[in-house]
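In: Have a look; sequence and predicted model below, questions after that.
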Amino acid sequence: MKMKRLTCKVPCFVPLFPGNINSLVFYFSTFSHENVNVGSHLEKLVIDKCKSTSLKLDEAMGLFNSMISVRPMPSIWAFNHLLGALSKMKHYSTVFSLSKQMMACNDVQPDIFTVTTFMNCLCNLKKLDLGFSVLALVFKLGLQPTPYTMNALLLGLCNEGKINQAVQLFQKIEENGYPCNEQSSGIIIRGLCKSGNLSSAVDMLKEMNENGRFKPHVFCYTTIIDGFCKERQMDKALLIFQDMLDRGVEPNVVTFNSLIHGLCSFGQWNEAKSLLDDMINQGISPDAYTFSTLIAHLCKNGEIEEAVSLFKLMSQRGIRADVVTYTTIIHVLCKSGDWERVTNFFQDMIDCGISPNVVTFNSMIDTLCKEGKTGMAFEIFELMTCKGVKPDVVTYNSLIQGFCHSGRWKEATSLFNRMMSDGVHPDILTFNLLMNALCKEKRTEEAIAMLELMIQRDLEPSIVTYNTLICGLCNSGQWAEATNLFHKMMNEGVNPDVVTFTSLINYLCKERRTGEAITMLELMIQRDVKPNIVTYSSLIHGLFNAGQWEEGTSLFIRMMDEGVNPNVVTFNSLINGLCKEKRTEEAITMLELMIQRDLKPDIVTYNSLIDGLCNSGQWAEAASLCSRMMNEGVNPNVVTFNSFISALCKEKRIEEAITMLELMISSDLKPDTITYRSLIDGSCNSGKRAEATSLLSKMVNQDIVPDVVTFNIVLSAVSKQGTMTKAHEVLKLMNQKGVKPDEITNRLMIRIYCLQGEMDKAKDLFDSMAIQGFAPDLAAYKMLINGYAKQNRKDEALRLAEEVHQQGFTLDEATQNMLRGLTKL
């Protein structure tokens, strides 16, 4: 049949279809060589060298130059051998150049295999327009195109994504009677699948089966099956697979791999395992990809033992695992903390000659850092660099995060510097981690410097960056800097979120600037940022701490009206605030509401209520609530007992308070400073100073360091007795425990000195208070003036009175009368 000239508009370049045309061109360039009478030693040398696998580029160039130089020239078959070998070696530019030289010679006539090789190289060089020009040359030379000649052009169009043009070209090939084969159909099916047009691919498969011209081969079926698997249409993939089996087309390892991968992606492990068994029973050996897919699925689902067993089966079948498979196993073992097997797999990997890659090391380093084992992680990091594996940004981020979380910010910043020295570019996560660590250490200036460096490196700060810095500045009391950054953030087009506003509101509440905090809440709502439970809890807590319990309660109601459900922390703030206001009935009502909303009260809830009831003198209710708390499975802690002990001591029920202390100790709870302070204060107020001193000794013997308030309570009791020896004992103990005297301590000692008549010591101590940074104190002045007056030291008393006047203080009437009496003497 006479063939018609083909016309079709095509793009100007085409990549090569992987692994098909190259090998086919080389095959056809060697076809029937045994039937050719090789007339020269050079021709035989070229053919033999091309059949071997040892041909190098420079050697091939030398052979080509020799071939075009000799006369008579070797046959076209020798040239086809050489050009086909170079094409197979992917030296497409060289083939292009040599082909032009060869075609310029009149002594050698290119054949269809020469032209097909040439077209193949043009496709790989993305010169598809020239490929069609070469096709025109085929017709001009009167050569008969082969299916492989036409397939090169089909591949070029498909790989360019021009599937519609490829289909049109395929139709013209068939209409004009040009040669094509089952591979031609396979190319179109592959192109349709790659473009997501699976229904058309299935239609073409059906047409191939119906007209019987070309029987679909395994490649056609596998391509469609793989397409459906990637589209997560497993039911259709399995239907095509069944049709394939029914028509007697034997699946290959690629077919099974596509299905197994698809089933694993859907979590259908049993079906995937069944396919593996079918595959083996049919004599098709699973390859590394098969096992890697199954192992990856098992690891992803935490089925470590099955993954390890499958890995062992893989080894037993002589299939060599690659770095990806080893890394997958190592990663899941790291997450499970099975470091012994991690070490074994890692060593086995090295023993098998498989070099761990950056992902392998990152898996180990990241897991160790998350477990707080930064020392071990850093050792792996050093091993990584010794093995010649360059750490990437993920490696450094894992280590920096590990150091930051363990409070080792200096090591983190040092590693950051090393990272940049090694040419690894930090990303936004790197900077955020370091800023967060520096802010936690209240090193806000360094954190801001890190922000500037980040901007210099053309990295745009994210909302996380700004939130980290704003929160850090607020926690450091740098309100002006925080608000400046807040405005800068908005000017840069970064919209504040709920975390930003909550950080600012929380700071204002801590500073008792609740009016500004409410204003910030309104601004937040105006900007369509919805407050969350943390926002409301911070505000409610702040309002109650500022004594604004009505506003706090109102905000609580507003929060619920807006659909934000309160949590335990919210209720605890309300209950604690109401109890401090002695509104215990309302606090109990809140407890009941809390329980109605299926929130379980915790120890903080009960402690707030018990403390409030105790301070309101509602002993029976406090005891009842304590019993209820224990029945709910919440055990009393030190704070619970301290509430009872403190309230009893305030009512001078010291014996009952001591009984409560003994019950506390029998409950395996260790008393703290507050426990003993309450007992010592109660004993002193009850006139039991000996018991107070005994309690102080007991407290010290239990390695509980009294605070300055506790020492001052004892000193106050001693000062009333005017006993200097006891006072010095207390001061000596205070010094031994490293507790620094405060203004009250000094005032008490001045009082004792004055009572003892040791006015010079009292005045020296008074003068030293100014050196210690304590402001002048009217009570101390009065004690000194009275002390001097009792000793008739008129000049000193009057001089101090003048100082009092200069300091802007006013002496009471009794002291002024006493001074008037002195002036009359």
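Out: Okay, I see it.

In: CA atoms for contacts and neighbours, from now on please.
Out: Fine.

In: Contacts only, for residue 718.
Out: Residue 718 sits next to 689, 726, 727 when contact means C-alpha atoms under 8 Å, 6 or more residues apart in numbering.

In: who's in contact with stretch 810-819?
Out: Residues from elsewhere that reach stretch 810-819 (C-alpha under 8 Å, 6+ apart): 778, 782, 786, 789, 797, 798, 804.

In: of all those, which two lie farthest apart?
Out: 778 and 789 (16.2 Å; C-alpha to C-alpha).

In: quick one: which of those two has more around it?
Out: Taking other C-alpha atoms under 10 Å, residue 778 and residue 789 do not tie; residue 789 has more neighbours (20 against 15).

In: Going by secondary structure, the more buried one is in what exactly?
Out: helix 778-790 (DSSP states H and E).

In: chain center to whatever helix or strand comes next after that helix: distance?
Out: Where DSSP H and E defines the elements, the next helix or strand beyond helix 778-790 is helix 794-806. Distance of helix 794-806 from the chain centroid (C-alpha atoms, centre = their mean, to the nearest Å) equals 68 Å.

In: tell me the contacts of residue 564?
Out: Per C-alpha under 8 Å, 6+ apart, neighbours of residue 564: 532, 533.

In: re earlier: orientation of the helix holding residue 789 relative to helix 794-806 in degrees?
Out: 160 degrees (axes from the mean of the first three to the mean of the last three C-alpha atoms, to 10 degrees).

In: rewinding a little: could you flag which of the contacts of stretch 810-819 are buried?
Out: Neighbour-count burial (16 or more other C-alpha atoms under 10 Å) is assigned, among these, to 782, 786, 789, 797, 798, 804.

In: Closest one to residue 44 out of the residues you listed, please.
Out: Nearest to residue 44 among these is residue 804, at 122.1 Å by C-alpha to C-alpha.

In: measure the closest one to residue 745 for me?
Out: Residue 804 sits 21 Å away from residue 745, going by C-alpha to C-alpha, to the nearest Å.

In: do the same with residue 132
Out: From residue 132 to residue 745 the distance is 102 Å (C-alpha to C-alpha).

In: what does stretch 454-466 contact?
Out: The contact list for stretch 454-466 (C-alpha under 8 Å, 6+ apart) reads 427-428, 431-432, 435, 451, 485-486, 489, 494-497, 500.

In: Mind exporting the C-alpha coordinates of it to PDB?
Out: The C-alpha coordinates for stretch 454-466 follow below in PDB (Å, rounded to 0.1, in the frame of the first residue of the first chain):
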ATOM      1  CA  MET A 454      17.000  37.200  59.800                       C
ATOM      2  CA  ILE A 455      15.800  40.200  57.800                       C
ATOM      3  CA  GLN A 456      19.300  40.900  56.400                       C
ATOM      4  CA  ARG A 457      19.300  37.400  55.000                       C
ATOM      5  CA  ASP A 458      16.100  38.000  53.100                       C
ATOM      6  CA  LEU A 459      13.900  35.900  55.400                       C
ATOM      7  CA  GLU A 460      10.500  37.300  56.100                       C
ATOM      8  CA  PRO A 461       9.600  37.100  59.800                       C
ATOM      9  CA  SER A 462       6.400  35.000  60.300                       C
ATOM     10  CA  ILE A 463       3.600  35.500  62.800                       C
ATOM     11  CA  VAL A 464       5.400  32.900  65.000                       C
ATOM     12  CA  THR A 465       8.600  35.100  64.900                       C
ATOM     13  CA  TYR A 466       6.700  38.200  66.100                       C
END
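
In: Tell me which of residue 132 and residue 745 has more neighbours.
Out: When neighbours are counted by other C-alpha under 10 Å, residue 132 comes out ahead of the other of residue 132 and residue 745, with 24 against 19.

In: ok, back up a step: got the buried ones among the contacts of stretch 810-819 as JSON lines, with distance to residue 367 and pLDDT columns?
Out: Output for those, formatted as JSON lines (distance: C-alpha to C-alpha, whole Å; pLDDT from 0 to 100):
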{"residue": "782", "distance to residue 367": "67", "pLDDT": "91"}
{"residue": "786", "distance to residue 367": "72", "pLDDT": "90"}
{"residue": "789", "distance to residue 367": "76", "pLDDT": "88"}
{"residue": "797", "distance to residue 367": "74", "pLDDT": "87"}
{"residue": "798", "distance to residue 367": "75", "pLDDT": "89"}
{"residue": "804", "distance to residue 367": "67", "pLDDT": "87"}
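
In: possible to save those as a markdown table with distance to residue 294?
Out: Written out in a markdown table, the entries for the buried ones among the contacts of stretch 810-819 read as follows (distance: C-alpha to C-alpha, whole Å):
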| residue | distance to residue 294 |
| --- | --- |
| 782 | 88 |
| 786 | 93 |
| 789 | 97 |
| 797 | 95 |
| 798 | 97 |
| 804 | 89 |
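
In: out of the residues you listed, who's nearest residue 634?
Out: residue 782 (52.1 Å).

In: Tally up the residues packed near residue 62, please.
Out: By other C-alpha under 10 Å, the residues close to residue 62 number 10.

In: Look at it and give its secondary structure.
Out: Using DSSP: H, G, I helix; E, B strand; the rest coil, the three-state assignment for residue 62 comes out as helix.

In: Quick check: it vs residue 46, distance?
Out: 10 Å.

In: And residue 685, by the same measure?
Out: 115 Å.

In: Neighbour count for those two, which is higher?
Out: residue 46 (20 against 17).

In: unless I'm mixing things up, the more buried one is touching residue 61, no?
Out: No - at 11.2 Å, residue 46 does not count as touching residue 61 under the criterion of C-alpha atoms under 8 Å.

In: Mutual contacts of these two, please.
Out: In contact with both residue 46 and residue 61: no residue, using C-alpha under 8 Å, 6+ apart.

In: Residue 536 - nearest residue in space that isn't next to it in sequence?
Out: Counting by C-alpha to C-alpha, 6 or more residues apart in numbering, residue 559 is the residue found nearest to residue 536 once chain neighbours are left out, at 7.0 Å.

In: Residue 74: which element?
Out: Here residue 74 is assigned to no helix or strand, by DSSP H and E.
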